[in-house]
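1. Coordinates for the following, if possible.
(4 chains)
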Protein chains: 2
Amino acid sequence: MVTALATGSATAALLAEAPATSKGEQTRRHILACALELFREQGFEATTMQDIAARADVVKSAAYYYFPGKEAIIQAYYEVVQAEQERICAEVFAETKDLRRRMKVAMDTKFDLAKDDRRLLGVVFRYTGEPEHPLSCLGRGTAEIRRRSTAMFREAIAEERLPKDLEELLPVALWSLQMGLLVMFLYDESAGQRRTRRLSDGALELTLKLVGLAKLPVLRPVRTKVLGLLREAELV
Amino acid sequence: MVTALATGSATAALLAEAPATSKGEQTRRHILACALELFREQGFEATTMQDIAARADVVKSAAYYYFPGKEAIIQAYYEVVQAEQERICAEVFAETKDLRRRMKVAMDTKFDLAKDDRRLLGVVFRYTGEPEHPLSCLGRGTAEIRRRSTAMFREAIAEERLPKDLEELLPVALWSLQMGLLVMFLYDESAGQRRTRRLSDGALELTLKLVGLAKLPVLRPVRTKVLGLLREAELV
DNA sequence: GCATTATTTTGACCATGTTCAAAAAACGTT
DNA sequence: AACGTTTTTTGAACATGGTCAAAATAATGC
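-> Residues are numbered from 1 along each chain as shown, chains lettered A, B, ... in the order given. The predicted model follows:
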């Protein structure tokens, strides 16, 4: 049975390509695609593993074989988005050394990719308050994807000649900003989430200005102080 | 059967007092107390509604009659904490007009009350990314408790003569700061969460300094700009 | 006190989540 | 192709989450 991938979503197509490796990987992708379809159609809560298995033409326990639970599917979804963002950024980074363009693509792509899946994306934050949980978006279980995300921002500013401390601080700061904006994005009822987009642009301009200023030696002590505080808090 | 309330927790005692009104309210409290005991003993996930009902000597559906689910119990717990914080703050506010002392008690009490219940507190953040969910800590369903929390901060700064815009901005800013620190508090592995405490104190001093500076008319345009941005984002 | 109404409690019920051991299929080796 | 091994699939089993109508109890008005 061929999976109907015509969902119009920005990520659906990604699941189709990449010539299936093992049989298992094929099924895994098929289940993931079906699950996302259902999540989009009826929402996350309303969709059961039963439903997912049924649409994917496998039994329930097969779905569990590939994903420990519904949340794991969201995790997989987020990884697809992250990978796609990296691909797009790499393309643009290769094209231009202009800081503004690089930053903008790094900040905007995730919004673009997730714009029709806000309810899905929300589930990523479900275990924010539970450090031990493998899906905690700030916990150990997601350290790798976080590392990839900050690495992308590091890449974005790589062409600039910046003070060492800023080079260290900025990627983490931008990652935090993105996470914050992502939450706002979820709550933003304005058409096309224009409000969040504008705030994102505003924050970007502010950051660029700050980066410009930061080169002045006058501001060194301020940076050192902020960095010290964050280091003490083990946030960087 | 008498409930063992000797859990050493800062909130347990609160559930005992207050001369039971209706029969229902009595049972409700009893179930809540038992649930919290179990959550503390075995964690939130590991505890089932069955367990809770069993310890409270009622049947499962009785527990459901009072609480729509496990999360609702956490919600109730958070409300108890909030109420207790308000009580303590009111006491201190009546005692002193000193801004530093007022702010400190407003910021610290929640940490003090929840210090042994970090895993419980984490569950409060579970629906952060799902605006529609009644328990979303940023959603409509929790607007009332958020209002109470910001009102407390407003109360804390009420004795100062501050510019109008700051009077509006500060409570929201402090509330956000508290939420952020709360998340950090949950992840903080340092003994007694000293790290978070220190950061909290640092942020407090910084705020006090800013409040001092803000009275200077020179900074007016900066404030206006920030407030404008936040207003546009409908964050205040 | 008795009848009426609202609240509380109950046990039975079903869907869903989750686990598991065993069957089946795919794979690699000789 | 026959063999053993690994991966994948299956169906059955059980616990938990969650609902419901009806029984029991408490509250209220007469």
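
2. Tell me the residues on chain A that lie near DNA strand C, please.
-> Residues of chain A lying close to DNA strand C by C-beta under 7 Å from any atom of the strand are A:22-23, A:48-50, A:60-61, A:64, A:68-70. Quick note: C-beta positions are derived from backbone N, CA and C, even for glycine.

3. and which of those is nearest to chain B?
-> Distance to chain B, by C-beta to the nearest C-beta, is smallest for A:G69 among the residues of chain A next to DNA strand C, at 12.1 Å.

4. Spatially, and excluding backbone neighbours, which residue is closest to the closest one.
-> Leaving aside its chain neighbours, A:G69 sits nearest to A:M49 (7.5 Å; criterion: C-beta to C-beta, 6 or more residues apart in numbering or on different chains).

5. could you give me the average pLDDT of stretch A:94-105?
-> In this model, stretch A:94-105 carries a mean pLDDT of 95.

6. what comes into contact with it?
-> Stretch A:94-105 is touched from outside by A:88-89, A:92-93, A:156-157, A:159-160, A:174, A:201, A:204, A:207-208, A:211, with contacts defined as C-beta atoms under 8 Å, 6 or more residues apart in numbering or on different chains.

7. per-residue confidence for the residue nearest to A:G69?
-> As predicted, A:M49 sits at a pLDDT of 93.

8. before we move on, what about A:D57?
-> A:D57 carries a pLDDT value of 92.

9. Just give me the neighbour total for it.
-> Neighbour count for A:D57, taken as other C-beta atoms under 10 Å in any protein chain shown: 13.

10. give me the residue from chain A nearest DNA strand D.
-> Proximity of chain A to DNA strand D (C-beta to the nearest atom of the strand) peaks at A:G24, 1.9 Å away.

11. Now for that residue: which residues touch it?
-> A:G24 makes contact with A:Y66 under the criterion C-beta under 8 Å, 6+ apart.

12. Which helix or strand contains it?
-> helix A:23-42 (DSSP states H and E).

13. Tell me which residues of that helix come out buried.
-> Of all the residues in helix A:23-42, those buried under the rule 16 or more other C-beta atoms under 10 Å in any protein chain shown are A:27-40.

14. Point out the residues in chain A that sit beside chain B.
-> A:119, A:121-131, A:138-139, A:183-184, A:186-187, A:195-196, A:198-199, A:202, A:229, A:232-234 (C-beta under 8 Å from any C-beta of the partner chain).

15. Of those residues, grab the buried ones for PyMOL.
-> To isolate the buried members of the residues of chain A next to chain B in PyMOL, using 16+ other C-beta under 10 Å:
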select buried, chain A and resi 119+121+122+123+124+125+126+127+128+129+130+131+138+139+183+184+186+187+195+196+199+229+233
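
16. Select from the residues of chain A next to chain B every entry located in helices.
-> Per DSSP state H, helices hold the following members of those: A:119, A:121-123, A:183-184, A:186-187, A:195-196, A:198-199, A:202, A:229, A:232.

17. burial measure for A:S149, as a count.
-> A:S149 has 21 neighbouring residues, counting by other C-beta under 10 Å.

18. Run through the residues that contact it.
-> Listed by C-beta under 8 Å, 6+ apart, the contact set of A:S149 reads A:82, A:175, A:178.

19. and if you look at A:R140?
-> With contact set as C-beta under 8 Å, 6+ apart, A:R140 has these partners: A:P131.

20. distance of it from B:Q75?
-> According to C-beta to C-beta, to the nearest Å, A:R140 stands 27 Å off from B:Q75.

21. try A:Q75
-> Distance check for A:Q75 against B:Q75: by C-beta to C-beta, it reads 26 Å.

22. wait, doesn't A:L177 sit right on A:L199?
-> No: using C-beta atoms under 8 Å, A:L177 makes no contact with A:L199, being 9.9 Å away.

23. Name the helix or strand of chain A that has the lowest mean pLDDT.
-> helix A:12-16 (a mean of 50; mean pLDDT, DSSP states H and E).

24. Name the helix or strand for A:V80, please.
-> Counting by DSSP H and E, A:V80 is part of helix A:70-95.

25. Buried residues, that helix. List them.
-> The neighbour-count check on helix A:70-95 (16+ other C-beta under 10 Å) flags A:70-78, A:80-82, A:84-86, A:88-89, A:92-93 as buried.
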